[in-house]
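K.L.:
this is a predicted model, with the sequence first.
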Amino acid sequence: MAQRPPLRPTARIEEAIGFVGCFGVLFLGVTVFCELTGRPALGWALTLLATVVAVVLLDRWRRRVSARDTAAEEVTDRGGQRPARRAR
């Protein structure tokens, strides 16, 4: 049986960003089409807003997980010691 390489901690979040982002592009197209043809577009625009907010929240979550993983790698690289404080 073939062995799989380990997944990055953010892999599933990035897949969710792509999935939601795909629908965001779809809703953007529908909203623009409705605006250009004079059809009601408020519902589509609000749905588009919801997808944009979801992508932003997923991206913030991905950054938080990535930073936590980077900090954990620094601790592991130093043999269990705390990472040195950085000058601000």
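P.N.:
Here it is on my side, so go on.

K.L.:
could you look up the SS state of Arg39?
P.N.:
coil (DSSP: H, G, I helix; E, B strand; the rest coil).

K.L.:
show the backbone phi and psi for it.
P.N.:
Per-residue torsions, Arg39: phi -80, psi 160 (degrees, to the nearest 10).

K.L.:
identify the residue nearest it in space, chain neighbours excluded?
P.N.:
Spatial nearest neighbour of Arg39, chain neighbours left out: Phe33 (7.9 Å); criterion: Cβ to Cβ, 6 or more residues apart in numbering. Where you see a C-beta, it was placed from the backbone N, CA and C, and this is true even at glycine.

K.L.:
that neighbour and Pro9, how far apart?
P.N.:
Taking Cβ to Cβ, to the nearest Å as the measure, Phe33 falls 38 Å from Pro9.

K.L.:
I'd like the next helix or strand past the helix or strand where the residue nearest to Arg39 lies.
P.N.:
Secondary-structure element containing Phe33, defined by DSSP states H and E: helix 11-37. Using DSSP H and E, the next helix or strand after helix 11-37 towards the C-terminus is helix 42-77.

K.L.:
could you report the neighbour count for Arg63?
P.N.:
12 (other Cβ atoms under 10 Å).

K.L.:
one more: Val30?
P.N.:
When neighbours are defined as other Cβ under 10 Å, Val30 has 17 of them.

K.L.:
so what's it up against?
P.N.:
Neighbouring residues of Val30 by Cβ atoms under 8 Å, 6 or more residues apart in numbering: Trp44.

K.L.:
and the residue most central in space within the chain, what does it touch?
P.N.:
Nearest to the mean C-alpha position of the chain, by Cα atoms, centre = their mean, lies Asp59 at 3.2 Å. Each residue near Asp59 by Cβ under 8 Å, 6+ apart is listed here: Ile17.

K.L.:
helices and strands of the chain: which one bottoms out on pLDDT?
P.N.:
helix 42-77 (a mean of 89; mean pLDDT, DSSP states H and E).

K.L.:
pull out the buried positions in that one.
P.N.:
Across helix 42-77, burial judged by 16 or more other Cβ atoms under 10 Å covers Trp44, Ala45, Thr47, Leu48, Thr51, Ala54, Val55, Leu58, Arg62.
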